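1. My questions are about this predicted structure, shown below with the sequence.
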Amino acid sequence: VHIQTSRALMVISLLLGFFGIIVSVVGMKCTKVGEEDPVTKSRIAVAGGVLFILSGLCTLAAVSLYATQVTHEFFRESTVPINARYEFGSALFVGWGAASLTVLGGSLLCCSCPAKDRRGQQYYRQSQPSTAREYV
């Protein structure tokens, strides 16, 4: 049962990551897809970041569930000799690393949302008054 659950979580993670890529590309400021408003595009990028975070959490849950089961089976008293039991493989560490990087990337995308108080605010450089200029 735990293998099927881990497999389902990984498929959900893949789908969320795929949709996260599509939504993030639409939300990038360098693309001409979708809205031209930068606030709307940044909100779309934040939605892509949320999808990436959810994808990373699903990956983390699947890999950790499988690692918990391997640990439980390893320390359980059974008739199976110690050299024939499962151990942590490199795929578990790759899964933990991938989940961490996906959550980190999604968090960075979520930080691209503009603050509410700066929306529409523009900065103009004031020119100096003519009396302050010195003529040489």
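-> Arrived safely.
2. where does the helix or strand where residue 69 lies sit relative to the chain's centre, distance-wise?
-> Using DSSP states H and E, residue 69 maps to helix 38-75. Counting by CA atoms, centre = their mean, to the nearest Å, helix 38-75 is centred 8 Å from the centre of its parent chain.
3. what sits against the spatially most central residue of the chain?
-> Geometric centre of the chain, nearest residue: residue 106, 2.5 Å, by CA atoms, centre = their mean. Residue 106 sits next to 20, 48-56 when contact means CB atoms under 8 Å, 6 or more residues apart in numbering. Just so you know, the C-beta spots here come from the backbone N, C-alpha and C atoms, and that holds for glycine as well.
4. Compile these into TSV and extend it with columns for distance to residue 11, neighbour count and pLDDT.
-> As requested, those are arranged in TSV below (distance: CB to CB, whole Å; neighbours: other CB atoms under 10 Å; pLDDT from 0 to 100):
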residue	distance to residue 11	neighbour count	pLDDT
20	15	24	93
48	20	25	92
49	21	24	93
50	19	17	94
51	15	22	95
52	16	27	95
53	18	20	95
54	14	19	95
55	11	26	95
56	15	24	95
